[in-house]
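Chemist: coords please:
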Amino acid sequence: EAQPPPMDIPPETPDFSPLQIYPEAAPDGFGVTWARTWPGGTGAGVTVADLEYGWTAGHEDLIAADAAETWGFDSGLYEYHGNGVLGILFAGDNGYGVTGLVPEATPMVIFPFVEADLYDIAAAIAGATTLLGPGDVLLIEQQAYAQGAYCPVEVDQAVFDAISLAVAKGIIVIEPGGNGAQNLDDPKWGGRFDRAVRDSGAVMVGGGMPPGKADPARTPSTCTGRSALK
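Modeler: Residues are numbered from 1 along each chain as shown. So this is what the prediction gives:
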């Protein structure tokens, strides 16, 4: 049946898109505004899967995600994080809230729980791989804990193997460096993040300081190591 258009439910939500600096040109942003001038620059024709604990279905600015295909068990944990990431990606260009970077992409949500009490990132990545195709994107919003610190999930060999298989299929895998502020070139990692030793093919991303907090903007804050950041 025909569905009503998105609407700003009470109370009225302001338009926050002017505060979104990150789509603009470097160094304050990432050049997304320029990328939108190219065919497919808004994500059309591509499926973007977000590996997330949970999110708030029915959120007024995430209408597109309501129809998202999912895999795994929705634990309902950390919904605020899922809302934030899905908003950055898919929030509608509707005059209120924020506007997503790829609002025309097909959203997908992958949960890291296979069952209510079974957390398995490798299985979740494998599940996403069966649903995605060449040119699609898998964003892994998870981190591991090893050597006394938070670090990239591919520290686990099973996860590394799952990522490698996804990349071999032509899927673009985005992997965060984690919140441990680690030097991934440190010998304590035994070369696990050294691409001369092994390379999953994921695009590994470290956090950067926002404009006004560091000079230059985007100075690495949560992950270092030139060999690891791809």
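Chemist: contacting residues around the most centrally placed residue in the chain?
Modeler: The centre of the chain sits closest to residue 139, judged by CA atoms, centre = their mean, with a distance of 3.6 Å. Residue 139 sits next to 48-51, 85, 89, 174 when contact means CB atoms under 8 Å, 6 or more residues apart in numbering. For the C-beta atoms, the positions are set from N, CA and C on the backbone; glycine is no exception.
Chemist: Sort out which of those residues are in helices and list them.
Modeler: Mapping the contacts of residue 139 onto helices (DSSP state H) picks out 85, 89.
Chemist: Closest one to residue 78 out of the contacts of residue 139, please.
Modeler: residue 85 (10.2 Å; CB to CB).
Chemist: so that closest one makes contact with residue 142?
Modeler: No. The pair residue 85 / residue 142 is not scored as a contact, 11.3 Å apart, by CB atoms under 8 Å.
Chemist: all strands of this protein, in order?
Modeler: Taking DSSP state E as the criterion, the chain carries its strands at 47-51, 69-71, 106-110, 113-115, 118-119, 137-140, 144-146, 149-151, 172-176, 182-183, 203-205, 223-224.
Chemist: Pairing partners for the second one, with directions?
Modeler: Pointing back at strand 69-71 there. According to DSSP bridges, strand 69-71 has the following sheet partners: strand 106-110 (parallel).
Chemist: I'd like the strands of the chain as CSV, with distance to residue 13 appended.
Modeler: Formatted as CSV, those follow (distance: least, CB to CB, whole Å):
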stretch, distance to residue 13
strand 47-51, 22
strand 69-71, 26
strand 106-110, 20
strand 113-115, 31
strand 118-119, 34
strand 137-140, 25
strand 144-146, 36
strand 149-151, 33
strand 172-176, 28
strand 182-183, 38
strand 203-205, 29
strand 223-224, 33
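Chemist: Mind putting those into TSV with distance to residue 12 and mean pLDDT?
Modeler: Shown next, in TSV, are those (distance: least, CB to CB, whole Å; pLDDT from 0 to 100):
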stretch	distance to residue 12	mean pLDDT
strand 47-51	28	98
strand 69-71	30	96
strand 106-110	25	97
strand 113-115	36	95
strand 118-119	39	96
strand 137-140	31	98
strand 144-146	41	94
strand 149-151	38	92
strand 172-176	34	97
strand 182-183	43	89
strand 203-205	35	94
strand 223-224	39	55
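Chemist: wait, which of those strands is closest to residue 130?
Modeler: Nearest to residue 130, of all those, is strand 69-71, at 8.3 Å by CB to CB.
Chemist: list the buried ones in the closest one?
Modeler: Of all the residues in strand 69-71, those buried under the rule 16 or more other CB atoms under 10 Å are 70-71.
Chemist: could you pull out the helices for this protein?
Modeler: Assigned helices in the chain, in chain order: 32-35, 79-90, 121-131, 157-168 (criterion: DSSP H).
Chemist: any idea which of those helices is most buried?
Modeler: Greatest average neighbour count among those goes to helix 121-131 (a mean of 21), per mean count of other CB atoms under 10 Å.
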